[in-house]
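>>> got a structure for you, letters missing:
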């Protein structure tokens, strides 16, 4: 079931990806500003502009570099983008990079001051965190204004009638203007208007954060409703499976026990295949659970077979064996009738595949359709191994049990003919686990 933590974590992940793209855009604009300064649009000293561009670009690209190194080169199991500290790194990168750009370009970079609080509001953070971000955003205003007065691209109103353009590019001349009266004038005419703008932006950012949280909360509620419904269906599904297994057992005791044991064998084999990295496009925890839950239904079609054939303590005639074969597609039909209204298409598909294909053989000599190789569904190929293994180690009306060790040898001898050789490689690796499971169930 989706939890509040996972929902918010996914939202933060997507926000971080978007914010990294925004950082790359800011890096591009920093380089563009350098070019425009060279063309004379800005009047920032060349050395100051080069240092500013290098520092701001490096800061903007830091989270992107960390992401690429961790997730693409080192390939850690858990993405660094999902980490809490990485979200802080992104926000800090916005703060530091924009302060440098703001100092360098003065009023030309005013709009950039809106980004840090808006970026922070995209994450599901606490109110204390947002207050800290807003306070820092407010402090950025006087820092950028007074910083640009000394180092950046001056607004001519700062020094109108006091310095020439050439003199304004000399830091010593600017420092001479930083009298108490001039600092107060700058505060009243430049800092305060920008503070009001930044405060408005912080209010908008906070409203955006509240809206995001309401959206996520609604999403959480919808997920809960959906998962509660899925849990109800799963319980009903499990109950129906148990009842069908019980029904089979009343017809054939050995078959009833058989469906329970083969379920465990299917899980063991499928899990081992996933561990070995095989069938990556199919196997994952969800599909393995589907196979495990559907496995008890593989012989459900036997409820349509008469007792005289099903319980016959001797070799079946060809005609009788042909009737036994019908339990595959009869089982698929039964599953379709019982589970079609439960709105679980994945389970229905898996259960039908197992019922219809667990007697197909790798070399194409199986039934009912004579499918060959990869044309046999993976769930059916796994079920076939579990089915035969349990039949070998179990007592039947027509044969005594065979030891698990000898049964494994028989299975291996049919690799490439009856069974998928790739799966059998894994079966060979886990044979001790399968032997242990069989002994615990039957020979204990």
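Right, received. Where do you want to start? Quick caveat, the model's predicted, so the values are computed rather than measured. Residues are numbered from 1 along each chain as shown.
>>> Counting by contacts, list what the lengthiest helix in the chain packs against.
Secondary structure of the chain per DSSP state H: the longest helix is helix 192-251. With contacts defined as 3 or more Cβ pairs under 8 Å, 6 or more residues apart in numbering; DSSP states H and E, the packing partners of helix 192-251 are helix 4-38, helix 115-121, helix 127-151, helix 253-275, helix 285-294, helix 327-339. The C-beta positions use only the backbone N, C-alpha and C, and glycine is treated the same way.
>>> Just list what the shortest one packs against, helices and strands only.
Contacts of helix 115-121 with other secondary structure elements, assessed using 3+ Cβ pairs under 8 Å, 6+ apart, are made with helix 4-38, helix 84-105, helix 127-151, helix 192-251.
>>> Check the last one too.
Contact analysis of helix 327-339 by 3+ Cβ pairs under 8 Å, 6+ apart lists helix 192-251, helix 345-357 as its packing neighbours.
>>> and residue 282, which of the ones you listed is closest to it?
Nearest to residue 282 among the helices and strands packed on helix 327-339 is helix 345-357; the distance by Cβ to Cβ comes to 10.6 Å.
>>> Can you give the contact residues for the closest one?
237, 286-287, 290-291, 293-295, 297-298, 300-301, 328-329, 331-332, 334-336, 339-340, 342, 368-369, 371, 376-377, 379-381, 383-384 (Cβ atoms under 8 Å, 6 or more residues apart in numbering).
>>> same question for the very next helix or strand once past that helix, mean pLDDT?
Downstream of helix 345-357, the next assigned helix or strand under DSSP states H and E is helix 378-393. When pLDDT is averaged along helix 378-393, the result is 94.
>>> Make residue 1 into 28 and carry on from there
All set: I'll call the first residue 28, so the last point we hit is now helix 405-420.
>>> From the contact counts, what lies against helix 405-420?
Secondary elements touching helix 405-420 (3+ Cβ pairs under 8 Å, 6+ apart): helix 280-302, helix 312-321, helix 372-384, helix 431-440, helix 448-456, helix 458-468.
>>> Take those and write them to JSON lines, including mean neighbour count, mean pLDDT and distance to residue 166.
Output for the helices and strands packed on helix 405-420, formatted as JSON lines (neighbours: other Cβ atoms under 10 Å; pLDDT from 0 to 100; distance: least, Cβ to Cβ, whole Å):
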{"stretch": "helix 280-302", "mean neighbour count": "20", "mean pLDDT": "83", "distance to residue 166": "52"}
{"stretch": "helix 312-321", "mean neighbour count": "18", "mean pLDDT": "92", "distance to residue 166": "48"}
{"stretch": "helix 372-384", "mean neighbour count": "22", "mean pLDDT": "92", "distance to residue 166": "54"}
{"stretch": "helix 431-440", "mean neighbour count": "16", "mean pLDDT": "95", "distance to residue 166": "72"}
{"stretch": "helix 448-456", "mean neighbour count": "18", "mean pLDDT": "96", "distance to residue 166": "61"}
{"stretch": "helix 458-468", "mean neighbour count": "17", "mean pLDDT": "87", "distance to residue 166": "62"}
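>>> Residue 218 is in contact with residue 169, isn't it?
Yes - applying Cβ atoms under 8 Å, one finds residue 218 in contact with residue 169, separated by 5.1 Å.
>>> and the gap between residue 68 and residue 176?
Distance of residue 68 to residue 176, given as Cβ to Cβ, to the nearest Å: 20 Å.
>>> Comparing those two, which residue is more hemmed in?
Ranked by neighbour count (other Cβ atoms under 10 Å), residue 68 and residue 176 place residue 176 first, with 22 against 12.
>>> And the pLDDT for that one?
77.
>>> What are the neighbouring residues in contact with it?
By Cβ under 8 Å, 6+ apart, the neighbours of residue 176 are 133, 185, 201, 204-205, 213.
>>> which intervals of the stretch 28-177 of the chain have sub-threshold pLDDT?
Filtered on pLDDT under 70, the stretch 28-177 of the chain yields the residue ranges 28-32, 134-135, 152.
>>> same thing but at 90, please
28-43, 45, 53, 56-57, 60, 63-76, 97-111, 114, 125-162, 164-177 (pLDDT under 90).
>>> you'd agree residue 77 is up against residue 60?
No - look at residue 77 against residue 60 with Cβ under 8 Å: they stay out of range, at 11.1 Å.
>>> rewinding a little: export the helices and strands packed on helix 405-420 to a markdown table and tack on distance to residue 38?
Shown next, in a markdown table, are the helices and strands packed on helix 405-420 (distance: least, Cβ to Cβ, whole Å):
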| stretch | distance to residue 38 |
| --- | --- |
| helix 280-302 | 29 |
| helix 312-321 | 22 |
| helix 372-384 | 26 |
| helix 431-440 | 48 |
| helix 448-456 | 38 |
| helix 458-468 | 41 |
